[in-house]
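Enquirer: turn this into a model:
(one chain, ligands or ions: 2)
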Amino acid sequence: MSGFASEIREGTPESDDARSPESSRVVDPARENDEQIVEAALRPKRLADFPGQPRVRDQLDLVLRAARQRGTAPDHILLSGPPGLGKTTLAMIVAAELEQPIRVTSGPAIQHAGDLAAILSSLAEHEVLFLDEIHRMSRAAEEMLYLAMEDFRVDIIVGKGPGATAIPLELPPFTVVGATTRDGLLPAPLRDRFGFTGRLDFYDPADLARILRRSAGLLAVQIDDDAVVEIAGRSRGTPRIANRLLRRVRDWAQVHGDGRIDRGAAAAALDLFDVDPVGLDRLDRAVLDALCRKYGGGPVGITTLAVAVGEEPDTVETVAEPYLVRQGFLERTARGRTALRAAWTHLGLIPPHTAIGQDVLPFDGVATRFE
Ligand SMILES: Nc1ncnc2c1ncn2[C@@H]1O[C@H](COP(=O)(O)OP(=O)(O)OP(=O)(O)O)[C@@H](O)[C@H]1O
Ligand SMILES: [Mg+2]
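Expert: Ligands and ions are numbered 1, 2, ... in the order given. The predicted structure follows:
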């Protein structure tokens, strides 16, 4: 990520690890990652400690409990949703609840089918295979994965050209946990092989407040209730952002005060880091600004919009857009992206009479639309 690669949106330690040359590694879910210890330490380790996402949590609880009772590996699990909502955390939790080791890798790390064959053929019975960014796997690897997920078998190709032969290799039962920020990009045959799909949505401020209180406890910082509310309301519905903002506010309170976080400290630190009162950051505002000021509210294509803000289309689409859509600032239409009324008013502009949507944005609600 360039340009707006702010403190709040740096890459995750997991995805960096997953792209390391060895392409996969065994992680004991009960132990902390050695890098980014703080972020890892804040990860809930069991389903019961995981605040928010009640529906996905209950569904997952049922799937895992039933499999445990039967003594079998559960169906393959797909987790989808915008960055920072807890997909990796839940994958680790799946392994912890099943009391099985977890092998971590990611789509971009699997360049060749052979990379995947090596991983699959070394899996232990009932092991969890976490495939992060599963939508970015190569086609050949994807096809191998279909067979492995459905029939627990891989065909190892020996030799080259017309003399090449496929030697089938039986695999012990295992569970794939796939994570993706773009489930629309997953080919249907792959999607169909997951017995359960958990769709993560943005967290409401009450859940973010619980997450922040828990994190403050783990970081041993004292925080006032109204400061929790301030940070929760400005975290874009995203636990990763909430935890990062908490750390920046902690820095502020330590340097400018006695370390205790009150509302004033929270507001001052959040302003310093360009987080506005409804939680939009620089990239969000740049997108809205380009859309309204440069393109008259749209419709404008995603590629044009991305160029205007100096970002990759994929970043605008997966990182900025979902929240802007959810909060009623922006609409995706067949002809491109359109600004809703709230986008104009948030930027202090007068909306054109053609703009639709609500004028004043409810803080944590979904804007209702009228035409
Ligand atoms: N429900 C939750 N409760 C508490 N903390 C959470 C929760 N969900 C996520 N987090 C925190 O947010 C951080 C990001 O979560 P995670 O890495 O699981 O997100 P992700 O969905 O995998 O994101 P990405 O798509 O970028 O990989 C974690 O370090 C964790 O501490
Ligand atoms: Mg992740």
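
Enquirer: what sits against the residue nearest to residue 178 when sequence neighbours are not counted?
Expert: Once flanking residues are discounted, residue 178 sits nearest to residue 134: 3.9 Å by C-beta to C-beta, 6 or more residues apart in numbering. For every residue, glycine as well, the C-beta is placed using N, CA and C. Counting by C-beta atoms under 8 Å, 6 or more residues apart in numbering, residue 134 touches 78, 106, 107, 178, 179, 180, 186, 190.

Enquirer: tell me how far residue 134 lies from residue 155.
Expert: 21 Å (C-beta to C-beta, to the nearest Å).

Enquirer: distance check, the nearest residue to residue 132 once chain neighbours are set aside against residue 133.
Expert: With sequence-adjacent residues excluded and distances taken as C-beta to C-beta, 6+ apart, residue 132 is closest to residue 106, at 3.9 Å. With distances taken as C-beta to C-beta, residue 106 is found 5 Å from residue 133.

Enquirer: tell me what the residue lying closest to residue 159 once chain neighbours are set aside is bridged to.
Expert: Spatial nearest neighbour of residue 159, chain neighbours left out: residue 165 (6.2 Å); criterion: C-beta to C-beta, 6+ apart. For residue 165, the beta-bridge partners are residue 158 (DSSP bridges).

Enquirer: where's the residue of the chain found nearest ligand 2, which helix or strand?
Expert: Proximity to ligand 2, evaluated over the chain using C-beta to the ion, is greatest for residue 88 at 3.2 Å. Here residue 88, judged by DSSP states H and E, is contained in helix 87-98.

Enquirer: any idea whether the residue nearest to residue 66 when sequence neighbours are not counted is helix, strand or coil?
Expert: Distances taken as C-beta to C-beta, 6+ apart place residue 74 nearest to residue 66, at 7.5 Å, with adjacent residues excluded. Of the three states, residue 74 takes coil under DSSP: H, G, I helix; E, B strand; the rest coil.

Enquirer: for residue 74, give me the pLDDT.
Expert: Residue 74 is assigned 95 on the pLDDT scale.

Enquirer: what sits up against the helix or strand encompassing residue 66?
Expert: According to DSSP H and E, residue 66 maps onto helix 54-70. In this structure, residues lying in contact with helix 54-70 by C-beta under 8 Å, 6+ apart are 47, 50, 73-75, 77, 79, 90, 93-94, 97-98, 195-196, 198-200.

Enquirer: which ones among those residues also lie next to ligand 1?
Expert: The subset of the contacts of helix 54-70 within reach of ligand 1, by C-beta under 6 Å from any ligand atom, is residue 50.

Enquirer: which of the contacts of helix 54-70 are buried?
Expert: By neighbour count, with 16 or more other C-beta atoms under 10 Å, the contacts of helix 54-70 hold 47, 50, 73-75, 77, 79, 90, 93-94, 97-98, 196, 198, 200 as buried.

Enquirer: what comes up buried for stretch 142-158?
Expert: So, applying 16+ other C-beta under 10 Å, buried residues of stretch 142-158: 142, 143, 144, 145, 147, 148, 149, 152, 154, 155, 156.

Enquirer: redo these as TSV? Include secondary structure, pLDDT and distance to residue 127.
Expert: Listed next are the buried residues of stretch 142-158 as TSV, based on DSSP: H, G, I helix; E, B strand; the rest coil; pLDDT from 0 to 100; distance: C-beta to C-beta, whole Å:
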residue	secondary structure	pLDDT	distance to residue 127
142	helix	90	20
143	helix	88	22
144	helix	90	17
145	helix	92	15
147	helix	88	18
148	helix	93	13
149	helix	94	14
152	coil	93	12
154	strand	89	15
155	strand	85	20
156	strand	82	19
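
Enquirer: tell me how many other residues surround residue 112.
Expert: By other C-beta atoms under 10 Å, 13 other residues sit near residue 112.

Enquirer: residues contacting it?
Expert: Per C-beta under 8 Å, 6+ apart, neighbours of residue 112: 138, 140, 141.

Enquirer: next, residue 311: phi, psi?
Expert: phi -130, psi 170 (degrees, to the nearest 10).

Enquirer: how far away is it from ligand 1?
Expert: 16 Å (C-beta to the nearest ligand atom, to the nearest Å).

Enquirer: what's the answer for residue 332, then?
Expert: For residue 332, the distance to ligand 1 - C-beta to the nearest ligand atom - is 20 Å.

Enquirer: could you look up the SS state of that residue?
Expert: With three-state DSSP as the criterion, residue 332 reads strand.

Enquirer: go on, residue 338?
Expert: strand.

Enquirer: so which residues on this protein come close to ligand 1?
Expert: Counting by C-beta under 6 Å from any ligand atom, the chain sits next to ligand 1 at 12, 14-15, 39, 42-44, 50-52, 83-89, 179, 181, 211, 239-240, 243.

Enquirer: among those, which lie within helices?
Expert: 14, 15, 39, 42, 87, 88, 89, 211, 239, 240, 243 (DSSP state H).

Enquirer: can you redo these as CSV with pLDDT and neighbour count?
Expert: Shown next, in CSV, are those (pLDDT from 0 to 100; neighbours: other C-beta atoms under 10 Å):
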residue, pLDDT, neighbour count
14, 41, 25
15, 41, 18
39, 72, 18
42, 82, 20
87, 96, 25
88, 95, 23
89, 95, 21
211, 95, 25
239, 95, 26
240, 93, 22
243, 94, 24
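
Enquirer: and the two most separated of those residues?
Expert: Longest distance between any two of those is 20.9 Å, between 15 and 211; criterion C-beta to C-beta.
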